[in-house]
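Asks: just to be clear, the model below is a prediction. Sequence and coordinates:
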Amino acid sequence: MSRICVLLLCLAVLCSAQKKKNKGKKKNNAVTDEDTPAEVRFEEDSSPDSDEEGNFRAELPKWSVAEDREKLTETEDLLSTEYMRDRVDRGVLEGFPSAANIDSYKTTRLFLDLEVGMKSDETGVDEDNRFLRLGGHVDIYYEKQDRSAEEPMILDSWGLEIKQVRVSYDGSESFSVIKYVDHNLNQVNASARLELNVDSNEDEGILRIEYSATNSTSLRYSALEYTPFSEDGPALAVLNRPGMARTWLPCQDTLRVKTPVEMKISVPHPYMALTSGIDVSKRTESLSDDFHYESFQPMPVAAEQLTLIVGRFERWEVSERISVWMETNRREQIRGGFLSEADSILKICESMVGPFVWEHLNIVVVPDKLGYKGEMLGPNTIYLPVSMFQSSSSPIEDDSLRVQELTRQMMYSWFGNLVTAPALRISRIEDPDRPSVHREVNIGERNMLRGIADYLSFHATAQFMDNDRHLADFFFKRSNEEEDVSSEKIADFSIVMRKLEDLVGGKETITKFLRIIVLFSVADDFSSEQFWNLLQTLFPDNEIDEQALSRPGLVLRNRNRYFDECSVVLLAWDPLPVEEEPVVKAGQLKELNYAQVAYMLESGVSDRLPIATVKKITSVLKKMGIYQDPNMFYRWALTAIKLGDRSIEDDARDYIETNMRNPGARALFSLLSERAEDGADRKKLKNIQKMFEEESYVPWN
């Protein structure tokens, strides 16, 4: 095995040494109409779509809605901010291919100098009628890759307002204006681009692009609107997704381009800026109107890994390398909880997959209205929703699910931000039991990385909570139970990893294998072929069958005390033989942890429970305070309604109205809509529908 590792290390070194500079001749920087690509050549100022300097901007046509599943009107503008955000949130536009010609020109470094400020709307300069704006310039350091290439340099740019493009070929601050062609997005399956007339005889240069990203579809504002700085907490956040960096930054938006990044963000006092980098700001006590937050990310990262969040925060230094940022009014709610152990949890993660290379970690507690998605957000930054910290009168107050979510987000520092993968691929599979029915499932490398992060988080949580594997296996079994409820015919990759664990000799062996993946996948995109080939190379005597492992289902070899404890309660609720009287008592739940109760209420109970027993369980949950827990109520409400208890429906509607962005609200709304029996029920739901804001919130647990 050691020889294989040495061989792989040598291959990695050889690959990194292949890059060579090509030096070419310099010529005058003057640009003429002959330098403009033929397909977009134009006369100076002859087009109504050109600006004062003659730079061309392609027209933005109205989008035809014949094939659009949202049935927009034909007058809807494709670049409508609300429309595009909705499509981004639903993943419709995720993973757009890059238009950048990186085989000819490649970015080597990025420097962003942006200002977050205020602007007045078109109606005047009323102080109460101001809006957030984001703009400034980006310096793109690039090198020519193909010496014979004569075409313009192409960047990905979507919906940005490009103001000026300048270039320096000698590395100095002496920039010259060059012409560009701005092709904005003109159809939903095509990529927007920015063509730059750089000197094709120059080996390298620095582009300085001045632009505005105020209307970017990647930005999130307070209440999803352009609002003035009037609230504590986040006022603006960039939530990147694969292929969407181009909506707030002109760049080569592909994982094949990773560079060090410096950022300078200017914000009005007393607001703060957090970015995907190490904070190197020179802090002062000055109460000036603006403050410049500077960060540096020495590890090469892709543009989609850059994040930015601006707002009024209180900072809590958990340790030398971990800071928690929260709204000032959340201090008592968050301080002193499980986040005080964040550094211990991070050390457990490091013991499994290697050193934390990003130096500093910011944990940002964000309001639900920012649209928490629980995804890989970028180095140095974790977002946790405020709903994770909501307390109730329930006696079930352990942190098993909260710690698991935190460890999952931490594991993305390795599998997601260090080892990167392209966007999800969607595959249509046929249900063998119903040949006419197809289902779309997520496959591909990004899905694998999520599964690996889940797998590691289950083990890390168990080690932190009770240091035995029973809790980890309970998480795996719970995940498997949820998977079996769905009709997908492909296993969650965390389950695949758990099966591999049994095949190759245990958790320690698997984590050593994952360390090798970390070591050799940083420079290139992670690939499923690489994963399986390396696995079979390192374990040639094991019968590793990818297809067999990917089938749903997980059989654990040993009994699990967490499931045994759940089974005792479930059997009392639904006794065998059925002639026995069900026993439902509060004491049955008090000794269980949060994850156990969530599992039982969500998918553990039998589908043959009589209504009388269902109502007894509801009564006990009310007495214990579990019923008032927003992260528990919807689980039981979904189960109770499916079992035929309509008496809980009024409470379910109240829950939806008061917790529209909380987990389960949409699921409850869909279930109630399916089961509405009369006009009165439909009218109540119609009123709720009017209140329902489209939001990207997903459950944290």
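Replies: Cool, the structure landed. Numbering: from 1, shown residues only.

Asks: what is the neighbour count of the nearest residue to residue 645 once chain neighbours are set aside?
Replies: Once flanking residues are discounted, residue 645 sits nearest to residue 614: 4.7 Å by CB to CB, 6 or more residues apart in numbering. For glycine as for every other residue, the C-beta is placed from the backbone atoms N, C-alpha and C. A count of nearby residues for residue 614, using other CB atoms under 10 Å, gives 23.

Asks: residue 278 contacts residue 296, doesn't it?
Replies: Yes. In this structure, residue 278 is within contact of residue 296 by CB atoms under 8 Å, at 5.6 Å.

Asks: the host helix or strand of the residue nearest to residue 645 packs against which elements?
Replies: In this structure, residue 614 sits in helix 611-624 according to DSSP states H and E. Helices and strands touching helix 611-624, by 3 or more CB pairs under 8 Å, 6 or more residues apart in numbering; DSSP states H and E, are helix 587-590, helix 630-642.

Asks: tabulate these (a markdown table), appending distance to residue 377 and mean neighbour count.
Replies: A markdown table is the format used below for the helices and strands packed on helix 611-624 (distance: least, CB to CB, whole Å; neighbours: other CB atoms under 10 Å):
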| stretch | distance to residue 377 | mean neighbour count |
| --- | --- | --- |
| helix 587-590 | 35 | 15 |
| helix 630-642 | 22 | 22 |
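
Asks: possible to save these as TSV with mean pLDDT and distance to residue 394?
Replies: What follows is those, written out as TSV (pLDDT from 0 to 100; distance: least, CB to CB, whole Å):
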stretch	mean pLDDT	distance to residue 394
helix 587-590	90	9
helix 630-642	90	7
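
Asks: nearest to residue 553, out of those?
Replies: Ranking those by proximity to residue 553 (CB to CB) places helix 630-642 first, at 22.7 Å.

Asks: buried residues in whichever helix or strand comes after that closest one?
Replies: Next helix or strand after helix 630-642 toward the C-terminus (DSSP H and E): helix 649-658. Of the residues in helix 649-658, 649, 652-653, 655-656 count as buried by neighbour count, 16 or more other CB atoms under 10 Å.

Asks: output the contacting helices and strands for whichever helix or strand comes after helix 649-658.
Replies: Using DSSP H and E, the helix or strand that directly follows helix 649-658 along the chain is helix 665-675. Contacts defined by 3+ CB pairs under 8 Å, 6+ apart place helix 665-675 against helix 630-642, helix 649-658, helix 679-691.

Asks: now those in CSV, with distance to residue 528?
Replies: Shown next, in CSV, are the helices and strands packed on helix 665-675 (distance: least, CB to CB, whole Å):
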stretch, distance to residue 528
helix 630-642, 33
helix 649-658, 39
helix 679-691, 41
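
Asks: of the ones you listed, which is nearest residue 307?
Replies: Closest to residue 307 of the helices and strands packed on helix 665-675 is helix 630-642 (CB to CB; 25.8 Å).

Asks: which residues touch that closest one?
Replies: Contact with helix 630-642 is made by 387, 390, 392, 394, 396, 597-598, 601-603, 605, 607, 614, 617-618, 621, 626-627, 648-649, 651-652, 655, 659, 662-665, 667-668, 671-672, 675, 699, 701, as judged by CB atoms under 8 Å, 6 or more residues apart in numbering.

Asks: narrow those to those that are buried.
Replies: 387, 392, 394, 396, 597-598, 601-602, 605, 614, 617-618, 621, 626-627, 648-649, 652, 655, 659, 662-665, 668, 671-672, 699, 701.

Asks: what about residue 138, which SS state?
Replies: Following DSSP: H, G, I helix; E, B strand; the rest coil, the label given to residue 138 is strand.

Asks: quick one: it from residue 305, how far?
Replies: Residue 138 sits 15 Å away from residue 305, going by CB to CB, to the nearest Å.

Asks: neighbour-wise, which of these two wins?
Replies: A side-by-side neighbour count of residue 138 and residue 305, using other CB under 10 Å, places residue 305 first with 25 against 21.

Asks: so what's the more buried one up against?
Replies: Contact analysis of residue 305 by CB under 8 Å, 6+ apart lists 240, 276, 378-379, 417, 420.

Asks: ok, it to residue 588 distance?
Replies: Per CB to CB, residue 305 is found 46 Å from residue 588.

Asks: then residue 202?
Replies: Relative to residue 588, residue 202 is positioned 75 Å away (CB to CB).

Asks: please apply the same query to residue 204.
Replies: For residue 204 relative to residue 588 (CB to CB), the value is 70 Å.

Asks: likewise for residue 257?
Replies: 56 Å.

Asks: ok, now residue 673?
Replies: Distance, residue 673 to residue 588, by CB to CB: 33 Å.

Asks: hmm, what's the outermost residue in the chain?
Replies: Largest separation from the mean C-alpha position in the chain: residue 579, at 50.1 Å (CA atoms, centre = their mean).

Asks: name the SS class of that one, please.
Replies: Under three-state DSSP, residue 579 falls in the coil class.

Asks: can you read off the pLDDT for it?
Replies: On pLDDT, residue 579 comes in at 75.

Asks: hang on, the earlier thing: out of the contacts of residue 305, which one has the weakest pLDDT?
Replies: Here the lowest pLDDT out of the contacts of residue 305 sits on residue 240, with 69.

Asks: for the host helix or strand of residue 533, which outside residues touch it?
Replies: Secondary-structure assignment from DSSP H and E places residue 533 in helix 528-538. With CB under 8 Å, 6+ apart as the contact definition, helix 528-538 has outside contacts at 1, 4, 8, 444-445, 448, 500, 504, 513, 516-517, 520-521, 544, 546.

Asks: so who does the nearest residue in space to residue 468 that is not next to it in sequence touch?
Replies: Setting aside the residues directly before and after it, residue 468 is nearest to residue 462 in space (CB to CB, 6+ apart), at 6.6 Å. By CB under 8 Å, 6+ apart, the contact set of residue 462 is 468-472, 475.

Asks: just the helices in the stretch 151-300 of the chain please.
Replies: Ranges of helices in the stretch 151-300 of the chain, per DSSP state H, counting those that start in this stretch: none exist.

Asks: quick one: low-confidence parts of it?
Replies: Residue ranges of the stretch 151-300 of the chain with pLDDT under 70: 185-191, 215-235, 239-240, 282-289.

Asks: count of neighbours near the nearest residue to residue 625 once chain neighbours are set aside?
Replies: Closest residue to residue 625 apart from its sequence neighbours, by CB to CB, 6+ apart: residue 393 at 3.2 Å. For residue 393, the count of nearby residues is 11 (other CB under 10 Å).

Asks: so residue 393: helix, strand or coil?
Replies: coil.

Asks: ok, now how distant is it from residue 549?
Replies: Residue 393 sits at a distance of 44 Å from residue 549 (criterion: CB to CB).

Asks: now do residue 669
Replies: From residue 669 over to residue 549 the distance is 37 Å, taken as CB to CB.

Asks: check contacts around the residue nearest the centre of the chain.
Replies: Geometric centre of the chain, nearest residue: residue 375, 2.7 Å, by CA atoms, centre = their mean. The neighbourhood of residue 375, defined by CB under 8 Å, 6+ apart, consists of residue 241.
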